[in-house]
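**Q** Build me a model:
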Amino acid sequence: MTHRDEAPIETTSGGKKAATTTIRLVVVAILLTLIGVVFWRGRVTSPPLKESIPANSLTVANQQIDNDLPVVVKPTPPPEGYIGSQACADCHPQIAERYNRSAMGRTLAKIDQTPPPHEDYDTNTSFNRGNRSYRVEKNNNRVWHHESVSDDEGVIYDQGEEIQYAMGSNTRGRSYLIWRDGAMFMSPISWYAKDGWDLSPMYLPDRHVRFSRRITDACIVCHSGRVSHQTGREHFFPQPVFHEESIGCERCHGPGQNHADFRRQIKPDGIDPILSLSELPPAERDAVCFQCHFQGEERILRYGRTETDFRPGMKFSDVWAVFMKGNGTDGGATMAVSQAMQMHTSRCYQTSGARLGCASCHDPHESPDAVHRVDFFNDRCLHCHKEQGCSLPIEKQTAEPASGSCIHCHMPRLNASNIPHTSQTDHRILRDPDRLKSAKTGNEYTMFEEAGAMIPEIERVRVKGLMYSLVAEKKGDRKFAEEALKLLEQAQKSMPDDESIQQALGGVLTMSGRMQAAESLSKKTIKQFPLNEVALLRLANAAHDAGHYLEAEELFKPLMQLNPWMAVTHGRRAHALGMLNRFDAAFEEAEQALKLDPTILPLYGWLSQAYASRGNREKSQYYKHQAERLVKRLAPSKPQ
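**A** Below you'll find the predicted structure:
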């Protein structure tokens, strides 16, 4: 869904010069681009399966409703009992030492404590993309990332943000996080092990969200050990931000308190409660890895679940539902987190009766170094293929570039389509990969089905409705919005307290042009979920767009308390305050907006007109000139 942003203040001055008219037309055009900023996203889902519902999954009450759909009861929150990886290391020092050297043991760290290999902060510390320049700066273990734009007159703006955390092991690279009073944002600058500093994944040179890309629960949970949360609020991480920074022992073995208590007994009685992957059934075993290594095209939480609910021993579908598209490959490229769906399509997996799993080939505690990598994975292949090995003559097997490596031929590296400068092993384990390099992934969405699990029928309705709402948002297609509306309204009758349904419904109602219904629903959502930024933002923007500036200001105030980091919203509030003749407050809001994002061109035009209306010619000319300079520099680059 999209929102329209601040409209310029009308002035009565005449005699506009052609250059001024041109600038204003460009500003308006860019405004129309800016108002396409997506402020909320729907999410997608997964399939139902055909057997009994697990005890730790959802239950269905006997109560029936008007449309014969059952009322769904929220699942019981999972057990806690975390003690941290250091407690594990006290008794298992050798395993802990090996694990801490692995990629998974180095997923996140404070910026001044990043483990080696380290980035280059001394020589090649800057680069240009499009018409913008980027540089990194390190001083006494503090790091800043800068984006700047300059012209012949000098620097137009130079925005620097201090970095608090580095995310990634540097096996392929690292990205960087900015923590702002509970909200977390990604820097547009990332480090790539092969090529050095460049734009972060999913950032395009002439069009990206700069320093305002919000880090979500799903993102941070899979890149860290344990993160703090505020109950009832998404994507907010209060201090202490992390209970454990990098992924630790309990992510795969479960909370360790019961295990520690068991081992402290003088004569332990019974079975040690610690979880071992090798003892789990295939679906539960794979789910331990799938919790982070299976994203599909879209993945959404099931009703009543949070991103921190998964515990080893559960099924993947107890917490998430996933839509897939093909097998995660598209010709010679692959999605960055598609290993699980690729493995499921492989002949090795399918003929093994699900005995093959991630840990069949990967040691979760250790990553082989470059010297031992070929022998390590060859040994894994020979567990099953010892009697019938490679059919090629030995001279071809040992020839360059394969040099005797099974995975070089059968699991070649493909470019990661959504992360630049990186590649990822093809987990389809193909007999003849060259035949399928040009194959394209399918366009049909399918839901992941997991043996022995089941999603109740009413949740399938919910899942499909959320999927259609997401497709409608991405494609701007009202047909999908109407289909989503029917399904979500049906699901809401069984799950009247589902925040995700209410949020998605507000979006599809807006897209369908039913503004009054969308407004009514958003008010209901805020009353029921007072920390829901999306519903509050939707109401504030609707009031602003309708010219109800006093009402808009009353909504902007609590919204800014929840999230003061939305630059465009500060700009909208500035306009509303100006229309209420509260110019001092309006100018303060506008300056805060430009501090957060100096590229909001319509705001320069608004400030120029607003200052002119207040008789401040000097500032009016300043903002007009800044707009002219930025328009020239930020015009999209022409294709070469």
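
**Q** who's in contact with the host helix or strand of H259?
**A** Assigned by DSSP states H and E, H259 belongs to helix 257-264. With contact meaning Cβ atoms under 8 Å, 6 or more residues apart in numbering, helix 257-264 is reached by 81-83, 87, 91, 253, 268, 270, 272-274. From N, CA and C alone the C-beta is placed, and that goes for glycine too.

**Q** tell me which residues in that helix are buried?
**A** The neighbour-count check on helix 257-264 (16 or more other Cβ atoms under 10 Å) flags 257, 259-260 as buried.

**Q** what about stretch 379-393, distance to the chain center?
**A** 39 Å (Cα atoms, centre = their mean, to the nearest Å).

**Q** Alpha carbons only: can I get it in CSV?
**A** Extracted C-alpha coordinates of stretch 379-393, given in CSV (Å, rounded to 0.1, in the frame of the first residue of the first chain):
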residue,chain,number,x,y,z
ASP,A,379,33.7,-37.9,2.7
ARG,A,380,30.1,-36.9,3.3
CYS,A,381,29.2,-37.9,-0.3
LEU,A,382,30.9,-41.2,0.1
HIS,A,383,28.8,-42.1,3.1
CYS,A,384,26.1,-43.0,0.5
HIS,A,385,28.1,-43.3,-2.8
LYS,A,386,31.0,-45.5,-1.7
GLU,A,387,29.9,-48.5,-3.6
GLN,A,388,28.9,-46.5,-6.7
GLY,A,389,31.2,-43.6,-7.0
CYS,A,390,31.9,-41.1,-9.8
SER,A,391,31.4,-42.7,-13.2
LEU,A,392,34.0,-40.5,-14.9
PRO,A,393,37.5,-41.8,-15.6
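
**Q** any chance you could map the helices in the stretch 201-350 of the chain?
**A** Counting by DSSP state H, counting those that start in this stretch, the stretch 201-350 of the chain has helices at residues 217-223, 250-253, 257-264, 282-293, 339-345, 347-351.

**Q** circling back: how far away from the center of its chain is the helix holding H259?
**A** Chain-centre distance of helix 257-264: 36 Å, with Cα atoms, centre = their mean.

**Q** one step back: buried subset of the contacts of helix 257-264?
**A** Using 16+ other Cβ under 10 Å, the buried members of the contacts of helix 257-264 are 81-83, 87, 253, 274.

**Q** Would you check which pair of the residues you listed lies furthest apart?
**A** Largest separation among those by Cβ to Cβ: Y82 and I274, giving 13.2 Å.

**Q** residue ranges for the helices of the stretch 451-600 of the chain, please.
**A** Counting by DSSP H, counting those that start in this stretch, the helices of the stretch 451-600 of the chain are 457-475, 478-494, 499-511, 515-528, 533-545, 549-562, 567-579, 583-596.

**Q** With distance to R413, mean neighbour count and mean pLDDT added, can I get those helices in a markdown table?
**A** Formatted as a markdown table, the helices of the stretch 451-600 of the chain follow (distance: least, Cβ to Cβ, whole Å; neighbours: other Cβ atoms under 10 Å; pLDDT from 0 to 100):
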| stretch | distance to R413 | mean neighbour count | mean pLDDT |
| --- | --- | --- | --- |
| helix 457-475 | 29 | 22 | 89 |
| helix 478-494 | 36 | 20 | 94 |
| helix 499-511 | 37 | 25 | 95 |
| helix 515-528 | 46 | 17 | 94 |
| helix 533-545 | 39 | 23 | 96 |
| helix 549-562 | 44 | 17 | 97 |
| helix 567-579 | 39 | 25 | 97 |
| helix 583-596 | 39 | 18 | 97 |
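
**Q** what's the overlap in contacts for Y82 and I274?
**A** What both Y82 and I274 touch, as defined by Cβ under 8 Å, 6+ apart, is the set G256.

**Q** okay but W565 is in contact with W179, surely?
**A** No - under the criterion of Cβ atoms under 8 Å, W565 makes no contact with W179, lying 11.0 Å away.

**Q** excluding its backbone neighbours, what's nearest W179?
**A** Of all residues not flanking W179 in the chain, Q164 sits nearest, at 4.6 Å (Cβ to Cβ, 6 or more residues apart in numbering).

**Q** I111 is in contact with the one you found, correct?
**A** Yes - using Cβ under 8 Å, Q164 makes contact with I111 at a distance of 6.0 Å.

**Q** just the helices in the stretch 51-200 of the chain please.
**A** 85-91, 93-101.

**Q** In a markdown table: the ones you listed, plus distance to L537 and mean pLDDT.
**A** Listed next are the helices of the stretch 51-200 of the chain as a markdown table, based on distance: least, Cβ to Cβ, whole Å; pLDDT from 0 to 100:
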| stretch | distance to L537 | mean pLDDT |
| --- | --- | --- |
| helix 85-91 | 38 | 96 |
| helix 93-101 | 42 | 94 |
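
**Q** Now tabulate those helices in JSON lines and tack on distance to L601.
**A** Listed next are these as JSON lines, based on distance: least, Cβ to Cβ, whole Å:
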{"stretch": "helix 85-91", "distance to L601": "48"}
{"stretch": "helix 93-101", "distance to L601": "48"}
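
**Q** and S224, which of those helices is closest to it?
**A** Among these, the nearest to S224 by Cβ to Cβ is helix 85-91 (12.3 Å).

**Q** Name the surrounding residues that touch the closest one.
**A** Contacts of helix 85-91 (Cβ under 8 Å, 6+ apart): 96-97, 225, 244, 248-250, 256, 260, 263.

**Q** ChimeraX command to pick out the buried ones of these?
**A** A single ChimeraX command selects the buried members of those (16+ other Cβ under 10 Å):
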select :96,225,244,248,249,250,256,260
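
**Q** right, and the pair among the contacts of helix 85-91 with maximum separation?
**A** Most distant of the contacts of helix 85-91, by Cβ to Cβ, are G225 and R263, 21.6 Å apart.

**Q** right, and N124 touches G196 too?
**A** Yes - with contact defined as Cβ under 8 Å, N124 reaches G196; the gap is 5.4 Å.

**Q** what residues are up against the closest residue to L521 other than its chain neighbours?
**A** Leaving aside its sequence neighbours, L521 sits nearest to G506 (Cβ to Cβ, 6+ apart; 5.1 Å). G506 is in contact with 518, 521-522, 525, 534-535, 538, counting by Cβ under 8 Å, 6+ apart.
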